[in-house]
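Asker: everything below, folded, please.
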Amino acid sequence: MGFFDSDIVQQEAKKLFEDYQSLMQLGSRYGTFDREGKKLFIEQMEGVMERYRIFMKRFELSEDFMAQMTVEQLKTQLGQFGMTPQQMFDQMNQTLERMRSEIES
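Answerer: Predicted coordinates for the structure are as follows:
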């Protein structure tokens, strides 16, 4: 069975995408959140980013051709912006840390 043929992988991908989309929509109102709302938003974003990091690691470790192609496509797309997947995750974490420090000061 291929990596993408797994019901579990499909469900996880769908849930991850839906959660990310919901947070992005919610994030458009971030400026109106109170301090606790901002903290909660940041925590939820950190959770989604960690789930995404784990999901991508599973792609990298898979021997499935399509999973490997997906990793290579991501690397190519990020490479167009002069970034690696690790740099992308680092930048996301830096942004969330900056947001956290702004509400704690």
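
Asker: next, the spatially most central residue of the chain: secondary structure please.
Answerer: The residue lying closest to the centre of the chain (Cα atoms, centre = their mean) is M49, at 3.6 Å. At M49 the chain is in helix, as set by DSSP: H, G, I helix; E, B strand; the rest coil.

Asker: quick check: the closest residue to it other than its chain neighbours vs F3, distance?
Answerer: Sequence neighbours aside, M92 is the residue nearest to M49 in space, at 5.4 Å (criterion: Cβ to Cβ, 6 or more residues apart in numbering). Using the backbone N, CA and C atoms, a C-beta is placed for each residue, glycine as well. Distance, M92 to F3, using Cβ to Cβ, to the nearest Å: 24 Å.

Asker: got it, and Q68?
Answerer: Distance from Q68 to F3, by Cβ to Cβ: 9 Å.

Asker: who has more neighbours out of those two?
Answerer: F3 (17 against 14; other Cβ atoms under 10 Å).

Asker: would you confirm that the more buried one contacts M66?
Answerer: Yes - look at F3 against M66 with Cβ atoms under 8 Å: they come within range, at 6.0 Å.

Asker: count of neighbours near K39?
Answerer: Using other Cβ under 10 Å, the number of residues around K39 comes to 15.

Asker: secondary structure element for it?
Answerer: According to DSSP states H and E, K39 maps onto helix 35-61.

Asker: list the buried residues in that helix.
Answerer: Using 16 or more other Cβ atoms under 10 Å as the burial criterion, the residues of helix 35-61 that qualify are K38, F41, I42, M45, V48, M49, Y52, R53, M56, F59.
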